[in-house]
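Asker: Turn this into a structure:
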Amino acid sequence: MSFLAAIAIGFREIFSHKFRSFLSMLGVVLGVSSLIATMALTRGIEEGMHIFMQQLGGLELVKVVPNEPSSLMLEFANLSPGLTLRDAHSLRNSATLISHISPEITHTVSAACSDAGNSERRKARGILPDHFVIGIHGLAAGRWLVDLDIERGARCAVIGHTVANQLWPGTPAADIIGRTILLDQTPFEVVGVLPLYEQEEDTRARQLGKKPRARRWDPFRQKNEAVLIPFSTMFHEFRSGAFPENSMDSLKLDALTVRIGNLDHFRAALGQIRSVLDLSHRGVDDYDLETREDWFDRIESSVRATRLSGGLISAISLIVGGIGIMNIMLASISERIREFGIRLAVGARPRDIFRQILVESMLISLLGGLLGVGASLGLIEILKMISPTENIPVLTTGSILFSVAFALASGLLSGLYPASKAAHLDPITALRYD
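Answerer: Numbers count the residues shown, from 1 in each chain. As a prediction, the model looks like this:
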């Protein structure tokens, strides 16, 4: 018997017992749909996590911050100059695995607009142009700070969306460019406005005209409330008078942010940073490296656990579906014993009977898998309505193919025993069966 003939007979048998066949497919349908939905949900969580991490600067962002030296180095603390601009120069020259670097000094100022009279207390930050690349900043209007601004000590500023909205309520970002902001009564020209950074859930609520819910912790607060000015301008306008003995190179920094050029060399890059800083700090460990690696690993572990638990539940559903197919095939064999006896008597080989039952079992699982794909589309739409918008399920071709293949494997395994039983029937006994 040819393979195509076995398929044709299998379809005929399935459609001649539609309700029974559907019941045997039901377990496979539920298993495939739940497996696809689980994979789509975990994929959505992964993509939401990666987008969120990119908005915060990504895993490539590493921050060097001052820290209390360890007890072993406490008596040698005076030997270290601390975290200074010289460290930035040393890292730029020696740490080849770093692509961008920006020192940072901060100063709390009274930020006011010169034309509307609104004012806010904000923390202004003196930065270098690399800061915008390191933090993966966007622009709503205007431009970023450039090297010429640093060289001239220009009085210009890039402000966050929240600052712009508080100082000039309802004014489009493009209309704010060129206006003057007063930082402790010192005029600065606004040359850039950052876009609003928020979670996808808040974006969706805003689009629907709803008020975003209040959060205890806003990961984008620093970006939205940013007041960024050239590093040299920050020193000359707000720091040199307070610390007249300091030069700009020896001024202690509040932070030093760097961007790793390639994540494949992440560990090696951290090693380079530590080597350079240990040398410039004379071995005193009065600094710390802040990375997002632990945070990212915890999220990845949660996603893997979710995928594994959901996959196991779906696999159990498919196994139950396979058992259902086996039961139906055994019942079908009991009804068709005389048919198989006639086939064996007229020349059919046991392997032809074995193939026939196995093909029917796999056809049932295939049709159940295809119905499960259709059911998963509806299930995913339901999940989209109840899931947080930053974790919307993402359906992939790979998940569909994997789930259908798993269903076919379940059908193959569940059909082996019934096929073997039918193939080993005694023709004489089968012909006498009534």
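Asker: Name the residues that touch stretch 15-23?
Answerer: Stretch 15-23 is contacted by residues 14, 324, 328, 331-332, 364, 367 when judged by CB atoms under 8 Å, 6 or more residues apart in numbering. C-beta: built from backbone N, CA, C; applies to glycine.
Asker: Buried by neighbour count, from those: which ones?
Answerer: 14, 324, 328, 332, 364, 367 (16 or more other CB atoms under 10 Å).
Asker: how far away is residue 359 from residue 82?
Answerer: Relative to residue 82, residue 359 is positioned 77 Å away (CB to CB, to the nearest Å).
Asker: most residues in a single helix of the protein, which one?
Answerer: As assigned by DSSP state H, the longest helix anywhere in the chain is helix 293-335.
Asker: after it, next one along is what?
Answerer: Downstream of helix 293-335, the next assigned helix or strand under DSSP states H and E is helix 337-345.
Asker: who does the very next helix or strand once past that next one touch, helix- and strand-wise?
Answerer: Counting by DSSP H and E, the next helix or strand C-terminal to helix 337-345 is helix 350-386. If you count contacts as 3 or more CB pairs under 8 Å, 6 or more residues apart in numbering; DSSP states H and E, helix 350-386 packs onto helix 3-16, helix 18-55, helix 293-335, helix 337-345, helix 397-423.
Asker: a markdown table for those, including mean pLDDT?
Answerer: A markdown table is the format used below for the helices and strands packed on helix 350-386 (pLDDT from 0 to 100):
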| stretch | mean pLDDT |
| --- | --- |
| helix 3-16 | 71 |
| helix 18-55 | 79 |
| helix 293-335 | 75 |
| helix 337-345 | 75 |
| helix 397-423 | 83 |
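Asker: which one of those is the most hemmed in?
Answerer: Comparing those by mean neighbour count (mean count of other CB atoms under 10 Å), helix 18-55 ranks first with a mean of 21.
Asker: how far does the longest helix of the chain sit from the chain's center?
Answerer: Chain-centre distance of helix 293-335: 24 Å, with CA atoms, centre = their mean, to the nearest Å.
Asker: quick check: angle from that helix to helix 350-386?
Answerer: Relative orientation of helix 293-335 versus helix 350-386 (axes from the mean of the first three to the mean of the last three CA atoms, to 10 degrees): 140 degrees.
Asker: So which elements touch helix 293-335?
Answerer: Looks like helix 293-335 contacts helix 18-55, helix 350-386, helix 397-423 (3+ CB pairs under 8 Å, 6+ apart).
Asker: Of those, which is nearest residue 231?
Answerer: Ranking these by proximity to residue 231 (CB to CB) places helix 18-55 first, at 24.1 Å.
Asker: Tell me what angle the closest one forms with helix 3-16.
Answerer: Relative orientation of helix 18-55 versus helix 3-16 (the same axes, to 10 degrees): 100 degrees.
Asker: following helix 18-55, which helix or strand comes up?
Answerer: strand 61-66.
Asker: got the CA positions of that following strand in CSV?
Answerer: Extracted in CSV, the C-alpha atoms of strand 61-66 (Å, rounded to 0.1, in the frame of the first residue of the first chain):
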residue,chain,number,x,y,z
LEU,A,61,26.0,51.0,30.2
VAL,A,62,28.3,50.8,33.2
LYS,A,63,28.5,53.6,35.9
VAL,A,64,31.6,54.2,38.0
VAL,A,65,30.6,55.9,41.3
PRO,A,66,32.7,57.0,44.3
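Asker: could I get the helices and strands packed on helix 293-335 as TSV with distance to residue 109?
Answerer: Formatted as TSV, the helices and strands packed on helix 293-335 follow (distance: least, CB to CB, whole Å):
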stretch	distance to residue 109
helix 18-55	26
helix 350-386	44
helix 397-423	52
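Asker: So which of these is nearest residue 99?
Answerer: Closest among the helices and strands packed on helix 293-335, using CB to CB: helix 18-55, at 15.6 Å.
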